[in-house]
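Participant: need a structure here:
(one chain, ligands or ions: 1)
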Amino acid sequence: MTEARSHVFWTDRFYDYDFGPHHPFTERSRGLAARLLEAQVAEAPPGAVGWTRTVKVADRPTLETFHRADYLEFVESASGLAKQVALDQGDTPSFPGCYEAAARIVEGAVDALEFTLEHHIPAFHPGGGLHHAHPNRASGFCIFNDVAIAVARAVQKGLRVSYLDIDAHHGDGVMYGFYDSGRVLDIDFHQDGRTLFPGTGFPYEVGRGDGAGLKANLPFPPGAGDEALLPMFRRVVPTLLRQFRPDVIVLQHGVDGHIGDEIAHLQYSPRAYAEVDREVLALAKELTGGRLLVTGGGGYRAESVSRVLARTGLVLAGLPIPADHDPLPAPWRKEFATAFGHEAPATWGDRHAPSPSPWTEADEKALLGQLETKLGEKLPEP
Ligand SMILES: [Zn+2]
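Facilitator: Predicted coordinates for the structure are as follows:
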């Protein structure tokens, strides 16, 4: 058995993070991703992927590295109630045991971070990426901000972190949480905040104090897809990361930018996600000695979330990606159908074809120009 090339953190206890059957967020689709990755890895040479299947509940000092004590007490008391109460002004209710469930997802991110720092291979936490929670409040289905707490842990160790976020929504909890930090380079690709929650993440938001010039926001209009994401990613990410020289890269890998998502309106393809994964993996090898944490995130169409995150797990392990026409395993399809009450997709390929995109070369030039001006950096063609 050779040393694994990547490591996955998944426990079915993540299913405890459950807002009920009528809520759009479910860990079921992340669990189905882990299951599909597992089935696919079973076909590969042994030892390609390591697994951690037990994750404890994060302790109070860990949560307090990002969250305020009074907020933690509020969640803990709501968690003990039989009835649901609102944890924010919007769509994030409490449920019995929500404190422990959310704190377990935090521990998954922290364990995965520690793992990649120690072993220098990618760590994958598909159940995490709850990037909207703020120090003093829940937001956007996120009770505790696992990914911000992982970033805080790295910063506490004196490390420099590059946080990348490809979720369709702006990663506001993380960006504002480290807005002043000179140790966190934050690059966030998302649907324009004028058209989608949480309404933030504009190119003029570039950080403050020690963090000035270290927060880059790339908003795309509804309908934008691979033709926006991939060129901008290649133009901005390698340049800024090579200048910043991170010790570790954290990628929030939300899948709600996928074509056909139930909440957001971007049109990324599975191919684009795999391209981003390969680029980030290559940058980790080049810049951080392989230290890379990848989390899940948003994603409200189980067919996309499960297959895309499973594919991400394969890319991180350096395993081949199945072809679009390759069939999905029958036992997995059965589990999918049971979880969601509708038939699973039959193959790895997605049936959605993109509609015409509003994104033009002029838009690309304009956004690059804004970023160069606001960040005070040149972003040359690769
Ligand atoms: Zn999202």
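Participant: what about the longest strand seen in the chain, distance to the chain center?
Facilitator: If you go by DSSP state E, the chain has its longest strand at strand 184-191. Chain-centre distance of strand 184-191: 11 Å, with CA atoms, centre = their mean, to the nearest Å.
Participant: wait, does it contact the ion?
Facilitator: No - residues of strand 184-191 contacting the ion under CB under 5 Å from the ion: none, with a closest distance of 8.0 Å. The way it works is simple: take the backbone N, C-alpha and C, and place the C-beta from them, glycine included.
Participant: Strands of the stretch 251-382 of the chain, start to end?
Facilitator: Listed in chain order, the strands of the stretch 251-382 of the chain (DSSP state E, counting those that start in this stretch) span 292-295.
Participant: burial measure for whatever residue of it ends up closest to the ion, as a count.
Facilitator: Using CB to the ion, the single residue of the stretch 251-382 of the chain nearest to the ion is residue 298, 2.4 Å away. Using other CB atoms under 10 Å, residue 298 has 29 neighbouring residues.
Participant: which residues sit in contact with residue 240?
Facilitator: 162, 185, 187, 216, 375, 377, 379 (CB atoms under 8 Å, 6 or more residues apart in numbering).
Participant: ok, of those residues, which one's closest to residue 204?
Facilitator: Closest approach to residue 204 among the contacts of residue 240 (CB to CB): residue 375, at 10.2 Å.
Participant: next one: phi and psi at the closest residue to the closest one other than its chain neighbours?
Facilitator: Leaving aside its chain neighbours, residue 375 sits nearest to residue 213 (5.2 Å; criterion: CB to CB, 6 or more residues apart in numbering). In terms of degrees, to the nearest 10, the main-chain angles of residue 213 are phi 80, psi 0.
Participant: Next one: residue 213 from the ion, what distance?
Facilitator: 26 Å (CB to the ion, to the nearest Å).
Participant: try residue 7
Facilitator: With distances taken as CB to the ion, residue 7 is found 25 Å from the ion.
Participant: That residue against residue 48, yeah?
Facilitator: No - checked against CB atoms under 8 Å, the pair residue 7 and residue 48 is beyond contact range at 10.6 Å.
Participant: More neighbours: these two, which one.
Facilitator: residue 7 (21 against 18).
Participant: Skipping its backbone neighbours, what lies nearest the more buried one in space?
Facilitator: Residue 7 sits nearest to residue 50 (CB to CB, 6+ apart), 4.2 Å away.
Participant: my guess is that neighbour meets residue 6, correct?
Facilitator: Yes - if you go by CB under 8 Å, residue 50 and residue 6 touch, sitting 7.3 Å apart.
Participant: Same question for stretch 66-73: list its buried residues.
Facilitator: By neighbour count on 16 or more other CB atoms under 10 Å, the buried set for stretch 66-73 is 66-67, 71-72.
Participant: got the residues you listed as TSV, with pLDDT and distance to the ion columns?
Facilitator: Shown next, in TSV, are the buried residues of stretch 66-73 (pLDDT from 0 to 100; distance: CB to the ion, whole Å):
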residue	pLDDT	distance to the ion
66	98	19
67	98	20
71	98	21
72	98	24
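Participant: Kindly indicate which of the residues you listed lies nearest residue 116.
Facilitator: Among those, and counting by CB to CB, the member closest to residue 116 is residue 66, at 19.0 Å.
Participant: re the thing from before, list the contacts of the residue nearest to residue 7.
Facilitator: Taking CB under 8 Å, 6+ apart as the contact definition, residue 50 lies against 4, 6-8.
Participant: Write out the residues of the stretch 251-382 of the chain neighbouring the ion.
Facilitator: So the stretch 251-382 of the chain meets the ion at 254, 256, 298 (CB under 5 Å from the ion).
Participant: In three-state terms, label the residue in the stretch 51-200 of the chain that the ion sits nearest to for me.
Facilitator: The nearest approach of the stretch 51-200 of the chain to the ion comes at residue 169, 3.5 Å away (CB to the ion). Three-state call for residue 169 (DSSP: H, G, I helix; E, B strand; the rest coil): coil.
Participant: what's the burial count for the nearest residue to residue 202 once chain neighbours are set aside?
Facilitator: Nearest residue to residue 202 in three dimensions, chain neighbours excluded: residue 217, at 5.7 Å (CB to CB, 6+ apart). Using other CB under 10 Å, the number of residues around residue 217 comes to 25.
Participant: What of residue 195?
Facilitator: Residue 195: 14 neighbours (other CB under 10 Å).
Participant: Am I right that it falls within a helix?
Facilitator: No - counting by three-state DSSP, residue 195 is not found in a helix; it is coil.
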